[in-house]
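Any chance you could fold what I've pasted below:
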Amino acid sequence: MIFKICLLSSIAVVVVNSQGCSICGDGKKITAPDAIFIFPGQPSVPCGALEAAGESGAIPLDQCGFLPPFVGLCECAPAPVTPVVPATDAPFFPLTDPPTVPPTDAPVPPTAAPVVPPTDAPVVSAT
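Numbers count the residues shown, from 1 in each chain. Sure thing, here's the model as predicted:
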């Protein structure tokens, strides 16, 4: 059962589920994810995969509660506490009118189009 759970959790993206549990106990995380957890009658499983299975809810809660005494080799330690950063108000910039372009005097006298004077020599292809 635990092998199937760990196999599934190693393939799927791990999302901590509200129904999940910590294999180390509340407030603890493993520090040796590559250590191999061995339980009689079950296949060997890396501690990291076992923890992921617990967090994702793949291990039933009634089975997860008895694991902490057996996962010593996973080196459980208190989970680091993520500091809560208080929310700050976004800066407020008063709305301003968009810039306006002053109108030009009407009517505007026409301008001549640029004219390139013809060349005296014939144009010859370079090839």
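
low-confidence ranges in this structure?
Where the chain drops to pLDDT under 70, the residues are 1-18, 123, 126-127.

Counting neighbours, what do you get for the residue lying closest to Leu61 once chain neighbours are set aside?
For Leu61, ignoring the flanking residues on the chain, the nearest one in space by Cβ to Cβ, 6 or more residues apart in numbering is Cys21 at 5.8 Å. No exception for glycine: its C-beta is placed from N, CA and C like everyone else's. Neighbour count for Cys21, taken as other Cβ atoms under 10 Å: 23.

Over to Ala58?
Using other Cβ under 10 Å, Ala58 is surrounded by 22 other residues.

so which helix or strand takes in it?
Counting by DSSP states H and E, there is no helix or strand that carries Ala58.

Check the contact between the residue nearest to Leu61 and Pro60; I expect there is one.
No: in this structure, Cys21 is not within contact of Pro60 by Cβ atoms under 8 Å, at 9.0 Å.
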